[in-house]
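**Student:** got a predicted model here, sequence first, then my questions.
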Amino acid sequence: MTQRANDTRSPVGWLAIILSVYGAAFFLPVGEGGRAYGHQMFSLGAIATASFALLPWSWPWLANMVFYVGCICLVTGRSREARQGGLIATVMALGYLPYVFGPFAAGKSELPGAGYWVWVGSMALLALAGWRESQAAHPGIATDSWKEDASVRSTHAAEDHMRRLLAQLKPPGHREQAVTAHTERDGELY
């Protein structure tokens, strides 16, 4: 493996951390009473979603599918899509809360347990990894110095282009002298 693959900041390193957190959620209780664990809720959610895929209560389970696609995007170098997948999966997973606290709560509901929060956290971690990888792929893109450098580069390129055009307008005997005089900038000869 390369040094980048062993680095925890690499897509593979991120994926190992993310999937470890996601997998841990399967073995943690999802309710206060500890009667159901993540792997049981995953199975029940899969059955319910397969039966009623378009109903709103299946959306939190569908966050798993969005999460898987985001993980694939992360390791294939599509960090922007991984970030978006992580954000969408997190929002979809949080869609379970209205069935616990909100208007869809049926009677006395249990608060979500550690397994639920770790599961949601793994999806948020995917969004973070996608963001970090996109920053690593384009360092400094959001800084003002990058904008200034780009502005300076484009200004110098425009000046050089104008100098070449002006040099072409000079009479043939003066062309070499004009090119030399116009390409010297900041004490250097280009």
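**Tutor:** Happy to help now that I have it.
**Student:** for residue 133, the count of nearby residues, please.
**Tutor:** If you count neighbours by other Cβ atoms under 10 Å, residue 133 ends up with 23. All C-beta spots, glycine's among them, are computed from the backbone N, C-alpha and C.
**Student:** show me what contacts it?
**Tutor:** By Cβ atoms under 8 Å, 6 or more residues apart in numbering, the contact set of residue 133 is 11, 14, 74, 79, 82.
**Student:** out of those, which one sits closest to residue 137?
**Tutor:** Using Cβ to Cβ, residue 79 comes nearest to residue 137 of the contacts of residue 133, at 6.1 Å.
**Student:** circling back to that earlier point, of all the contacts of residue 133, which comes closest to residue 130?
**Tutor:** Checking these against residue 130 by Cβ to Cβ gives residue 82 as the nearest, at 3.4 Å.
**Student:** what does the model give that closest one for pLDDT?
**Tutor:** Predicted confidence (pLDDT) at residue 82: the value is 94.
**Student:** name the next helix or strand following the lowest-mean-pLDDT helix or strand in the chain along the chain.
**Tutor:** Lowest by mean pLDDT, DSSP states H and E among the helices and strands of the chain is helix 3-6, with a mean of 47. Sequence order places helix 11-25 as the next helix or strand after helix 3-6, per DSSP states H and E.
**Student:** any idea how many residues pack against residue 47?
**Tutor:** Neighbours around residue 47, by other Cβ under 10 Å: 11.
**Student:** any buried residues in the host helix or strand of it, and which?
**Tutor:** Element membership of residue 47 [criterion: DSSP H and E] is helix 38-51. The neighbour-count check on helix 38-51 (16 or more other Cβ atoms under 10 Å) flags 38, 41, 42, 45, 49 as buried.
**Student:** I'd say the second one and residue 29 touch.
**Tutor:** No: distance between residue 41 and residue 29: 9.7 Å, which falls outside the contact criterion (Cβ atoms under 8 Å).
**Student:** find residues that contact each of those two.
**Tutor:** Contact criterion Cβ under 8 Å, 6+ apart; residues shared by residue 41 and residue 29: residue 115.
**Student:** where exactly do the helices run in this structure?
**Tutor:** For the chain, the helices defined by DSSP state H occupy 3-6, 11-25, 38-51, 59-75, 79-94, 114-137, 144-169, 175-183.
**Student:** the third one to helix 11-25, inter-axis angle?
**Tutor:** Computed with axes from the mean of the first three to the mean of the last three Cα atoms, to 10 degrees, the direction of helix 38-51 lies at 100 degrees from that of helix 11-25.
**Student:** show me the contacts for the nearest residue to residue 92 once chain neighbours are set aside.
**Tutor:** Distances taken as Cβ to Cβ, 6 or more residues apart in numbering place residue 63 nearest to residue 92, at 3.7 Å, with adjacent residues excluded. Contact analysis of residue 63 by Cβ under 8 Å, 6+ apart lists 88, 89, 90, 92, 93, 95, 123.
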